[in-house]
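1. Got a predicted model here, sequence first, then my questions.
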Amino acid sequence: MQIGIIGSEQDGRCQGIRRFLEAQDTDVLFIDSRSLELGLTWSFDGQSFYYQSHNLDTVSAWYLATYPPALPPVWTDYEEHFLYKDWFVDYMHKREHRTFFLAWLSSLVKRGVPVINPPEHMFGQQLKPLELLTARQTGLDTPATLISNDPAAVRDFVAQAQAPVVYKPVSGYGHCKPVTELELTHLSRIQASPVIFQEQVLGTAIRATFVDGQLVSAARLPSDSLDYRDNANYEAGNQIYEPVILPESLLKACQTYLEQMGLLFAGIDLIETADQRYVFLEANSSPMYLDLEVKTRHPITFELATALLRHANDPKRYHQARVKGRQLQGFMPYAIPFGDDLWT
């Protein structure tokens with residue numbers, strides 16, 4: 001049997017799973033998610049995909065840790081400055097890389113090859129409005145929220161809020177920041193694109209990690225920062241984790257949410273308030289967990305690697321688990337941000 005891993009050679013999660021699988025006498029094929037950018041060879045002959053001349057039809061299941069970036073680096077006037085045409089060429093290459101890579105991943109799903117997590121369901125976690133709507137529909141408590149590019153609506157939301165308001169990007173990948181007088185002064189800028197505004201929930205962060213619908217880790221992350229990722233202890237690798245037992249009703253709501261989102265592996269971020277509310281913030285379909293695993297001894301690597309072997313040996317089980325959730329939602333579309341007359 002052969003199991004595939006898609007990610008970075010420097011990613012400790014990938015290396016941990018790789019070592020565990022190889023200890024079980026399982027052949028592991030590793031694919032760097034930036035392989036096309038690195039010039040490593042891929043081919044598709046109309047029937048099969050090949051990586052470095054290796055026919056990928058031989059792989060029984062895949063762990064998808066990371067996938068190619070969708071866009072080139074942002075235009076900057078510091079560090080290294082990109083000429084406009086250089087930037088655009090880089091953008092076009094990355095667009096083609098991503099298209100080819102996602103076509104291959106989609107073909108795995110079409111053929112019923114187990115992937116944890118299937119790409120179209122991973123992308124669902126980048127669609128924060130859908131994520132929050134699904135969480136609320138499945139019984140999870142969510143913060144009072146407004147996602148908008150309407151400055152007037154945001155001012156009304158902030159004025160009527162029962163707590164300080166914070167903001168973050170709609171697609172994720174950004175830390176939570178407080179709304180101050182400075183942000184209110186420049187609200188006209190949000191007309192360019194919507195932003196998430198939420199009432200701040202005071203309490204302690206909790207990360208709950210699920211594999212195949214089962215809770216394998218739950219821990220508090222004490223922090224004095226608005227976003228624990230901004231805490232100096234977290235950045236230095238000195239974060240303290242406190243194992244916690246979560247209410248059964250909360251676990252069931254989280255499991256229902258994961259079924260609806262089609263996620264077999266996820267880390268759910270919650271806030272535990274002083275009055276024992278558990279407020280859903282977001283879910284991560286490829287969570288970082290090594291520091292937490294080492295310090296709590298929660299067997300995340302073991303459970304994830306075992307799930308890969310389980311689904312590789314029984315693809316029907318994988319299909320049944322996957323179709324419990326929502327059906328294919330399609331990939332996030334690309335938009336060419338410039339007109340056809342750009343060079344004329």
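-> Here it is on my side, so go on.
2. just checking, what packs against the helix ranked longest in the chain?
-> Across the chain, the longest stretch assigned as helix under DSSP state H is helix 84-111. Contact here means 3 or more C-beta pairs under 8 Å, 6 or more residues apart in numbering; DSSP states H and E; on that basis helix 84-111 packs against strand 42-44, strand 115-116, helix 119-123. (Each C-beta comes from the backbone N, C-alpha and C, glycine too.)
3. tell me which residues in it are buried?
-> 87-88, 91, 94-95, 97-98, 101-102, 104-106, 108-109 (16 or more other C-beta atoms under 10 Å).
4. what's the answer for stretch 160-172, then?
-> For stretch 160-172, by 16+ other C-beta under 10 Å, it's A161, V165, V166, Y167, K168.
5. Buried residues in stretch 290-302, which are they?
-> L292, E293, T296, H298, I300, T301.
6. and stretch 160-175, how far apart are its ends?
-> End-to-end span of stretch 160-175 (C-alpha to C-alpha, to the nearest Å): 24 Å.
7. that older thread, any idea which of the helices and strands packed on helix 84-111 is most buried?
-> strand 115-116 (a mean of 24; mean count of other C-beta atoms under 10 Å).
8. ok, residues contacting that one?
-> 61-64, 105, 108-109, 264-265, 304, 307-308, 311 (C-beta atoms under 8 Å, 6 or more residues apart in numbering).
9. Redo the helices and strands packed on helix 84-111 as JSON lines? Include mean pLDDT and distance to K177.
-> Shown next, in JSON lines, are these (pLDDT from 0 to 100; distance: least, C-beta to C-beta, whole Å):
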{"stretch": "strand 42-44", "mean pLDDT": "97", "distance to K177": "39"}
{"stretch": "strand 115-116", "mean pLDDT": "92", "distance to K177": "32"}
{"stretch": "helix 119-123", "mean pLDDT": "69", "distance to K177": "24"}
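10. Save the ones you listed as TSV, and put in distance to L182 too.
-> Formatted as TSV, the helices and strands packed on helix 84-111 follow (distance: least, C-beta to C-beta, whole Å):
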stretch	distance to L182
strand 42-44	47
strand 115-116	42
helix 119-123	33
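11. ok so, going back, out of the buried residues of stretch 160-172, flag the one nearest to R19.
-> Nearest to R19 out of the buried residues of stretch 160-172 is K168 (C-beta to C-beta; 35.3 Å).
12. Please state the backbone phi and psi of that closest one?
-> phi -160, psi 170 (degrees, to the nearest 10).
13. Ok, the one 10 residues further on next?
-> Geometry field for P178 lists phi and psi as phi -80, psi 150, criterion degrees, to the nearest 10.
14. Provide a list of residues in contact with it.
-> P178 touches P164, V165, V166, Y167, Q200, L226, counting by C-beta under 8 Å, 6+ apart.
15. what's the closest of the buried residues of stretch 290-302 to R34?
-> Nearest member of the buried residues of stretch 290-302 to R34, counting by C-beta to C-beta, is T301, at 22.8 Å.
16. coming back round to it: among the buried residues of stretch 290-302, which ones are in strands?
-> Judged by DSSP state E, these include no members of strands.
17. and the two most separated of those?
-> Most distant of these, by C-beta to C-beta, are T296 and T301, 12.3 Å apart.
18. low-confidence ranges in this structure?
-> Filtered on pLDDT under 70, the chain yields the residue ranges 69-84, 121-126, 172-174, 225-226, 230, 233, 235-236, 319-344.
19. domains of this protein?
-> 2-113, 144-199, 204-323 (automatic domain parsing).
20. Out of those, which is the most enclosed?
-> domain 204-323 (a mean of 18).
21. and T58, what does it touch?
-> Contacts of T58 (C-beta under 8 Å, 6+ apart): Q2.
22. Repeat that for E242.
-> E242 touches A219, R220, P222, counting by C-beta under 8 Å, 6+ apart.
23. Kind regards, and thank you for your time.
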